[in-house]
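Participant: Pasting the sequence and the predicted model now:
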Amino acid sequence: MSGSYERMNYITSFGFSIRWRKQFLNKLGKSEQKLNIIDLLSGLGENWAYLNQNFTFSALDFSEEMISQSKKKRE
């Protein structure tokens with residue numbers, strides 16, 4: 001699934017996955033406090049850039065290939 005995840009997520013959500021992600025991150029906002037965030041079922045790490053700038057975070061996914069693909073996207 002890791003090879004087609006991004007495309008299938010976009011198609012099956014009728015493109016709303018991008019909007020929902022942006023809405024979530026806007027609601028999350030920034031914090032003056034040092035917060036630790038866990039991104040469960042992190043997919044391809046679409047939220048990582050924002051989370052890395054504003055929080056200390058860990059990502060968990062049951063698919064090692066998804067985590068591997070996420071790391072490649074960050075390089």
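Facilitator: Perfect, thanks for sending it.
Participant: where's residue 19 relative to residue 34, distance?
Facilitator: 29 Å (CB to CB, to the nearest Å). C-beta: built from backbone N, CA, C; applies to glycine.
Participant: Revised request: answer the last question for residue 43.
Facilitator: Residue 43 is 25 Å from residue 34, by CB to CB.
Participant: Of the two, which one has the most company?
Facilitator: Between residue 43 and residue 34, counted using other CB atoms under 10 Å, residue 43 has the larger neighbour count: 22 against 7.
Participant: in the protein, which spans are strands?
Facilitator: 36-40, 56-60 (DSSP state E).
Participant: Dump the first one to CSV, restricted to CA.
Facilitator: In other words, strand 36-40. Taking C-alpha atoms only, strand 36-40 is exported to CSV below (Å, rounded to 0.1, in the frame of the first residue of the first chain):
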residue,chain,number,x,y,z
ASN,A,36,5.5,16.1,22.8
ILE,A,37,3.2,14.9,20.0
ILE,A,38,2.7,11.3,18.8
ASP,A,39,1.6,11.0,15.2
LEU,A,40,-0.2,7.6,15.2
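Participant: which strands and helices sit next to it?
Facilitator: Other elements packing on strand 36-40 under the criterion 3 or more CB pairs under 8 Å, 6 or more residues apart in numbering; DSSP states H and E are helix 48-54, strand 56-60.
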